[in-house]
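**Student:** output the structure for:
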Amino acid sequence: MAETLDEVMTHDPRTVELDDTVQDAARHMRDGDVGALVVTDRGSVAGVVTDRDIVVRAIADGRRPGDARVRDVCTASAVTATPTQSLEEAARLMREHGIRRIPVVQDGRPVGIVALGDLARRLDPHSALADISEQPPQN
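**Tutor:** Sure, this is the predicted structure:
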């Protein structure tokens, strides 16, 4: 039986609302030691914001992190998955849409997030990406 996203995803992902500040998002990332947050709009998934989004779409453009809103820098995402979808299906979605993370949704609410590295560790454990993904973050 094929593995499902529920087996590899990060459960209970950190979230921010569309109208939260970029500074709030950065603090959530720091406090959770994560590089991506699920963006919600009144509890429903509206996208994903990454540390790279904050740097490239806010800081580099001269926006003040305390004033800029997550809605202005996040990647609006219509691509979601369910916990019961296969790893292969998630990999296909990432490839088709050119994305590296997919919010996992159940009953309209975010229950997880799966990253390309999560899939690589299971689908191709001897790949360079899997090796890199296994390393602890460097501070």
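
**Student:** how about the strands in the protein?
**Tutor:** For the chain, strands defined by DSSP state E occupy the ranges 10-11, 15-17, 36-41, 44-50, 75-76, 101-106, 109-115.

**Student:** want to throw those into JSON lines with distance to R69, mean neighbour count and mean pLDDT?
**Tutor:** Quick note: C-beta positions are derived from backbone N, CA and C, even for glycine. Conversion of the strands of the chain to JSON lines gives the following (distance: least, CB to CB, whole Å; neighbours: other CB atoms under 10 Å; pLDDT from 0 to 100):
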{"stretch": "strand 10-11", "distance to R69": "24", "mean neighbour count": "14", "mean pLDDT": "96"}
{"stretch": "strand 15-17", "distance to R69": "9", "mean neighbour count": "20", "mean pLDDT": "97"}
{"stretch": "strand 36-41", "distance to R69": "10", "mean neighbour count": "23", "mean pLDDT": "96"}
{"stretch": "strand 44-50", "distance to R69": "10", "mean neighbour count": "22", "mean pLDDT": "95"}
{"stretch": "strand 75-76", "distance to R69": "13", "mean neighbour count": "14", "mean pLDDT": "90"}
{"stretch": "strand 101-106", "distance to R69": "19", "mean neighbour count": "22", "mean pLDDT": "96"}
{"stretch": "strand 109-115", "distance to R69": "19", "mean neighbour count": "21", "mean pLDDT": "96"}
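
**Student:** for these, which one sits closest to E3?
**Tutor:** Smallest distance to E3 across those (CB to CB): 11.3 Å, for strand 109-115.

**Student:** how many other residues sit next to R69?
**Tutor:** For R69, the neighbour count with other CB atoms under 10 Å is 18.

**Student:** so in terms of bridging, what pairs with it?
**Tutor:** Taking DSSP bridges as the rule, R69 bridges to T21.

**Student:** OK, contacts around it?
**Tutor:** Residues in contact with R69 (CB atoms under 8 Å, 6 or more residues apart in numbering) are 18-22.

**Student:** could you flag which of these are buried?
**Tutor:** Using 16 or more other CB atoms under 10 Å as the burial test, the contacts of R69 include 18, 20-22 as buried.

**Student:** ok, so of the residues you listed, who is nearest M94?
**Tutor:** Within the buried ones among the contacts of R69, distances to M94 taken as CB to CB reach their minimum at L18, with 23.2 Å.

**Student:** cool, thanks, talk later.
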